[in-house]
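Student: no FASTA, just this:
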RNA sequence: GGAGGCCGUGCCGGCGCGCGGCGCGCGGGGACGGGAGGAAAGUCCGGACUCCGCAGGGCGGGACGCCCCGUGAAAACGGGGGCUUCUCCGGCCAUACCGGGGAAGACGGCAGUGCCACAGAAAACAAACCGCCCUUCCGGGUCGAACCCGCGAGGGGUAAGGGUGAAAAGGCGGUGUAAGAGACCACCGGGCCGCGCCGUAAGGCGGGCCGCACGGUAAACCCCGUCCGGAGCAAGGUCGAAUAGGAAACGAGAGGCUGCCCGCCUCGUGCCGGGGCGCCGUACGGCGCGGCCGGUGACGUUUCGGGUUGACCGCAAAGAUAAAUGACCGAGCCCGCCUUCGGGCGGGCAACAGAAUCCGGCUUAUGAGCUCCUCAA
RNA sequence: GCGGGCGUAGUUCAACGGUAGAACUCCAGCCUUCCAAGCUGGCCAUACGGGUUCGAUUCCCGUCGCCCGCU
């Protein structure tokens, strides 16, 4: 996959150029929290699947983009793995959020191979999926 | 090698997350404080707490179970002692028994009941298949008898030997006998005793009696003793919103059958349906007026209770509710390789694993190191 | 999170503590020109680890997996 290993801290570690003092905070306002919101995204949203995660999103209704991070109990049996997968997704989204365009409500679903890779790889795939590349699939 | 206990990575930096009180000033942002475990796990026990039930008690069901001491609210845990089983060593003819070392034990019950397949003669108030012994008959050896022989037949004795089995009714030796046998004897073992001594006790030692008549299984039914009402924080409670239906009170009642209650009838009020008139509208239809016809006690307001959804409390010196405790840079430490001895490169800083009401136990998973005890060399 | 139930052939179910069976499936043979049906025979299992017992699918303990209920 990637031949040159990125070095450098979080301040300049992102592969994109979206780090000019971006707001990297991710408070409750920027997350999905109500079951009704989840139902809307799952039923009306578009899905893009990658190797480490699945991205489901639809045009957002709030002032800012909102996201949620999901690790299913079926795919990750142990609680440690669920927490690990969800934290990877959240950290990757947090660092790359500034580089994304549009206002979306999105759900990131972790897939099993995510446990074997570092945050760097998850970020790259998230950026790729959000930009519209990769396989896409319509949902309804 | 075995067993137990302790600890379960630390430092700097900026980027983030959820919580608390503080002050800005109330859309949010700021500094400070604190933020995973010994198992947070499995949910196997016990409690706190909450709701339901309850005069009192029983049945059913369940948990625990040698003795003493200690800790504890209880479950449970720790220490010491006893007994049993297994194993090793020694004694011994001996797998029987005795002595010693080690390990393990869900270790109350000489009240009753059930079960013990197959094999085997017989499996629990024993039993005779082979064998052994005695005897009768038959046949033969002989003319006959004593006596001897028989893959021969019958009757009887016998638990030493064979064989079956997880287990065969005390062990070894001797006396004895037709052959044998606790039939008898010595030693060992066992059972019973309102017996003696020692011990707080479980129990131990001794004495007397019994030739021994009392197999295993209670993680089989059961009996005895102690304890247990049920459910569980998604318990339970508070507040608000929208919607349809329920209960109570009040609002409109009057008259008659009939003096009162109930009931029935008439009129009125309310509601529903159908006509009539007016207005709006292309139409479906809507609003108002009127009180013409039919039906109904059905109506309105308030309060209460139930369901749905949301927020809060319960809830904490970690504490949420799509659920925080993370990712990264650096220094340091360790390992391997190279080295021109200045250093360079690569890898690692772990294992098991992530709190959802809390606490005490049990069980299971697991890394490096430290420490203690015991055994062997 | 809290509570409850169940693990037996490939599947659906049996089995007082005493050799684990049945039906369907699968395989082979017979029958048929061939297939199906039918007939005959065969293969295949007690989730795992301990304990009690002479003996465990059954009794007891632990581990693992699956299913269900409760907002």
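Tutor: Thanks, I have it. Remember, predicted model here, so these are calculated numbers, not experimental data. Residues are numbered from 1 along each chain as shown, chains lettered A, B, ... in the order given.

Student: where does chain A have low pLDDT?
Tutor: Within chain A, the segments meeting pLDDT under 70 span A:1-22, A:133-140.

Student: and the strands in it, which stretches?
Tutor: Counting by DSSP state E, chain A has strands at residues A:46-49, A:53-59, A:66-70, A:104-110, A:136-137.

Student: helices and strands around the first one, which ones?
Tutor: Think strand A:46-49. Contacts defined by 3 or more C-beta pairs under 8 Å, 6 or more residues apart in numbering; DSSP states H and E place strand A:46-49 against strand A:53-59, strand A:136-137. Quick note: C-beta positions are derived from backbone N, CA and C, even for glycine.

Student: what does chain A put close to RNA strand B?
Tutor: With C-beta under 7 Å from any atom of the strand as the criterion, chain A meets RNA strand B at residues A:7-11, A:13, A:23-29, A:31-35, A:38, A:68-70, A:78-80, A:83-84, A:86-88, A:90-91, A:94, A:118-119.

Student: thinking again about what came up before, got the helices and strands packed on strand A:46-49 as a markdown table, with mean neighbour count columns?
Tutor: A markdown table is the format used below for these (neighbours: other C-beta atoms under 10 Å):
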| stretch | mean neighbour count |
| --- | --- |
| strand A:53-59 | 20 |
| strand A:136-137 | 10 |
